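Participant: Here is a sequence together with a model predicted from it:
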Amino acid sequence: MPGLDKSRFVDISTDDLNEFICGICMDVFENPVFSPCCRQTYCKDCITGWLKNQKTCPNDRKPLTVNLLSSPPRVLINLMNKLRIRCDFHDTGCQEVLKLCELSDHKDSCLRNPNRKCADCALPVGVGHNCIANMKLNIESINDEIRRLQRENNHLKTEADRLKRNQNNTNVSREDKTLRIVNSRMNEGMKEFAINCADCALPVGVGHNCIANMKLNIVSINDEIRRLQRENSHLKTEADRLKRNQNNTNVSREDKTLRIVNSRMNEGMKEFAINVSREDKTLRIVNSRMNEGMKEFAINVANEAHDRYRNEPEGRLSTFVRNEFEKKYKSLWNCLVSSSINWGTSIHHFENHYIYFKIGLFHFMIWESSK
């Protein structure tokens, strides 16, 4: 679908509005994405539609694929959200003018929207609309999602247990306890769901209101889903860490960190041996969730950091790599560099924006932060 019609925007000059124009549809961006080769922004549907038939960027004709597209800079999103726009149903009588970031919520409840959503149950209004019946269906759907998350968490718990038994690792028992607490809380929550009212299945009391009670119940269940999703994400991260540790069990401790255990060399020879190990640039990729273009960039930047700063504190290498990624991709990146891997932490990253590899003595972990 094309972008947003320029004539819908108010209180902005044509020159200023032109800063937000897609180069394909020539309208204002809708769901904008960023192309790294030409450093231009396009509507998501426009550029993905273009790349279905083309293999090059529409602006500079350099090679481009959907996987290389990324989110635009935060400053652009913030500026767009402040633009003032007329409602989608202006032509049928709605006179509302609101911020672009408020448009979606308004559209769902606009009185001129033939498919608007009910203010009580947030479901489409139609002939024979029934809030209670619709909310019952919504609660049933939410409960199905809770059960699915519980099954997935149980599977992750089993996988984590298996990996821990293989590693004889006792440091990750918190996930077992946390999952038991999650299951316990869920069971308690289900027990508290008393079946009294024939309509909303909630306790009947003074001033009983089915719709209000069911709305509160949906909010509570959605909170539970979000908590389960956070727990699910944490368990996945922990399972991935355990798998990486298991894959690395054949790597000797001496390969992970430089230790002079027993030396019969004089100090000059020892210093020479250490310098030789720092000169080593053997590449070993441990875990990559990047596309080939981003992975190649990561390795090239790490090699440059190694060449420039290998004899300086490790923080100098990580700062250089992080700055190079942020300059190229215009988003928040992190980098850890160490001659040992005693980081002992979990990270949150955007999907397909993570890599962990080793160049000689140094371990590099690079990711785009999701927090």
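Facilitator: Sure, I can see it.
Participant: Need the residues that contact stretch 76-84.
Facilitator: The set of residues external to stretch 76-84 that reach it, using Cβ atoms under 8 Å, 6 or more residues apart in numbering, is 9-12, 20, 28-29, 32, 41, 71, 97-101. Yep, even glycine has a C-beta here, placed from its N, CA and C like the rest.
Participant: pLDDT on that stretch, on average?
Facilitator: On average, the pLDDT along stretch 76-84 is 94.
Participant: rewinding a little: list buried residues within the contacts of stretch 76-84.
Facilitator: 9, 12, 20, 28, 29, 32, 41, 71, 100 (16 or more other Cβ atoms under 10 Å).
Participant: Could you tell me which of those residues are located in strands?
Facilitator: Among the buried ones among the contacts of stretch 76-84, the members found in strands (DSSP state E) are 9, 32, 41.
Participant: In contact with residue 55, which residues?
Facilitator: With Cβ under 8 Å, 6+ apart, residue 55 has these contacts: 63, 64, 65.
Participant: Using the record's domain definitions, break this structure down for me.
Facilitator: 6-82, 131-247, 253-369 (automatic domain parsing).
Participant: element containing the most centrally placed residue in the chain?
Facilitator: Compute the mean C-alpha point of the chain, and by Cα atoms, centre = their mean the closest residue is residue 350, 3.8 Å away. Residue 350 belongs to strand 349-359 when assigned by DSSP states H and E.
Participant: For that strand, list the C-alpha coordinates in CSV.
Facilitator: Taking Å, rounded to 0.1, in the frame of the first residue of the first chain, the C-alpha atoms of strand 349-359 are listed here in CSV:
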residue,chain,number,x,y,z
HIS,A,349,19.1,-8.1,21.4
PHE,A,350,17.0,-7.6,18.3
GLU,A,351,16.4,-10.7,16.2
ASN,A,352,19.2,-11.4,13.7
HIS,A,353,21.4,-8.7,15.1
TYR,A,354,23.9,-10.7,17.3
ILE,A,355,27.3,-12.3,16.7
TYR,A,356,29.9,-13.9,18.9
PHE,A,357,33.4,-14.8,17.5
LYS,A,358,37.0,-15.0,18.4
ILE,A,359,40.0,-13.4,16.7
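Participant: Now do that strand: distance to the chain's middle.
Facilitator: Strand 349-359 has its C-alpha centroid displaced from the chain centroid by 13 Å (Cα atoms, centre = their mean, to the nearest Å).
Participant: Can you give the contact residues for that strand?
Facilitator: Taking Cβ under 8 Å, 6+ apart as the rule, strand 349-359 contacts 67, 244, 281-291, 294-295, 298-299, 302-303, 306, 347, 363-370.
Participant: Buried only: go through those for me.
Facilitator: 286, 288-290, 294-295, 298-299, 302, 306, 363-368.
Participant: Narrow those to those in strands?
Facilitator: 286, 288, 363, 364, 365, 366, 367, 368.
Participant: in this protein, which ranges drop under the pLDDT threshold?
Facilitator: 1, 119-130, 134, 168-213, 247-279, 341-346, 370-371 (pLDDT under 70).
Participant: Would you map the strands across it?
Facilitator: 9-10, 32-35, 40-43, 84-86, 97-99, 283-288, 333-338, 349-359, 362-369.
Participant: ok, residues contacting the shortest one?
Facilitator: Contacts of strand 9-10 with the rest of the structure, by Cβ under 8 Å, 6+ apart, involve 17, 28, 83, 84, 85, 86, 97.
Participant: For residue 232, state which of the buried ones among the contacts of stretch 76-84 is nearest.
Facilitator: Distance to residue 232 across the buried ones among the contacts of stretch 76-84 (Cβ to Cβ) is lowest for residue 71, with 23.2 Å.
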